[in-house]
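Chemist: Sequence and predicted structure, then a few things I'm wondering about:
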Amino acid sequence: MLRTLPSLITEEEALSVAGAGLLRYAMGPALIGAGTNATVVIVESGDNPKASGVQDSVWVLLRGDRIPELHSRFEFWGALPIHVFARLEEGYLPLGTAQCRAMPSAPANFDRAELRLSQPLTREMLDAVRPVPSPGPVPGVDWIDLVGTAPIRALESFVLGWFPEAETADNETTANELDNLPEALAAFHRLARLRPAIHRFIDPVLKKPRHASGPLGDRLVFAMWNGAGKDWSIPWPLNKPDGPDPRVWFTEDPDDPTPETTLEEEPLSRFLLQFTLNGAMNVAPYGARTYCMPTARFDALWNLLRPIPVSPFMPTYQAERFFAAPGLLAHVSGDEDEAVVGFSALHRGTLTPLLEHGFRWFQFDG
């Protein structure tokens, strides 16, 4: 069925929805009209992630200077409706009403608001107000060929291609400290000097590993998860039978007198690759996630994605298997019957072709 955009209107017509006593405010590039009948929000069209404008089919972001007098108009239970419009070259497109779901609690700090549209935008409307740019050059996947034989080189190649070069290097870890670490962990820290983003994951590799003890003996903790509720470590000092690429211990509740510790499937070098892939997916600017669907429904993806030859990450929890395509990372959780697939990308345009598969999307930033 062919859909058409709602009729475009003028700025005057859009602001008239606010009613009498109109006051105009600018919050970044957005225009806000406050009247006796409603609050009108007019945002610029364009691809502006994390800036004022349409973020996806349901969310609109406002961000700019502080405007304390507008705070009460954006309260969740506010008496007046919020009408949202997008400014196009040909006119103003009505996007419907919205409610504010997040903003500073104090009126004096009101400089942003996250609005949720009452009705999701159609794909045609979304493409009109937030056109998808071409992704341009994207990171390749040749590094996957190195995972089995040279995992440290694979990690370096992935990180250098996926994360942008930092304006200033991170030199917090000293050369002497790196000399005492296993090569895989030392290589990770040398890499973090060039790409500090890998030290800023939600669950980070520690900039300075710390010594601890546990039921299996003394260990060196090099990464934490869930606010230190879990951690990863290696035996310390290193066990000679493990060689230069030691096994990794995963410890639950490390502050417990008798914590549960299990061995990871992968040695340190490939575990750090797993850990970095998971962190990269979590902080990527664009993401998508399907609903749980029959596994066979994803068959078309295997011509698009290359499997990364490492064991499932955190098998007790997500048990995610990693895949990649140029400019795209994916993880799959499930079994032979049902699965969920998540995607992460550096560019919105890398996700958009996935719409052709007709999946049911829980989230889709493309």
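Modeler: It's in. Numbers count the residues shown, from 1 in each chain.
Chemist: how about the nearest residue to D56, chain neighbours excluded?
Modeler: Closest residue in space to D56, ignoring its immediate chain neighbours: D365 at 5.9 Å, by C-beta to C-beta, 6 or more residues apart in numbering. Using the backbone N, CA and C atoms, a C-beta is placed for each residue, glycine as well.
Chemist: Nearest residue to A187 in space, please, no chain neighbours.
Modeler: The spatially closest residue to A187, leaving aside those adjacent along the chain, is I152, at 4.9 Å (C-beta to C-beta, 6+ apart).
Chemist: Output the contacting helices and strands for the helix or strand that neighbour falls within.
Modeler: Assigned by DSSP states H and E, I152 belongs to helix 151-162. Judged by 3 or more C-beta pairs under 8 Å, 6 or more residues apart in numbering; DSSP states H and E, helix 151-162 is in contact with helix 183-194, helix 268-283.
Chemist: To W143, which of the ones you listed lies closest?
Modeler: Closest approach to W143 among the helices and strands packed on helix 151-162 (C-beta to C-beta): helix 268-283, 9.1 Å.
Chemist: Name every strand pairing with the helix or strand following the closest one and say which way it goes.
Modeler: Per DSSP H and E, the first helix or strand lying C-terminal to helix 268-283 is strand 286-290. Strands adjacent to strand 286-290 in the sheet, as given by DSSP bridges, are strand 338-345 (antiparallel), strand 361-364 (antiparallel).
Chemist: For V129, what are phi and psi?
Modeler: In terms of degrees, to the nearest 10, the main-chain angles of V129 are phi -90, psi -20.
Chemist: In this model L121 seems to touch it, though I could be wrong.
Modeler: Yes - contact criterion C-beta atoms under 8 Å: V129 and L121 qualify, at 7.4 Å.
Chemist: any shared contact partners between those two?
Modeler: By C-beta atoms under 8 Å, 6 or more residues apart in numbering, V129 and L121 have these common neighbours: V54, L95.
Chemist: Run through the bridge partners of the closest residue to V141 other than its chain neighbours.
Modeler: The shortest distance from V141 to any non-neighbouring residue, by C-beta to C-beta, 6+ apart, is to A324 (4.9 Å). Beta-bridge partners for A324, by DSSP bridges, are R306, L329.
Chemist: Tell me how far A324 lies from D335.
Modeler: Noted for A324: a distance of 22 Å to D335, by C-beta to C-beta, to the nearest Å.
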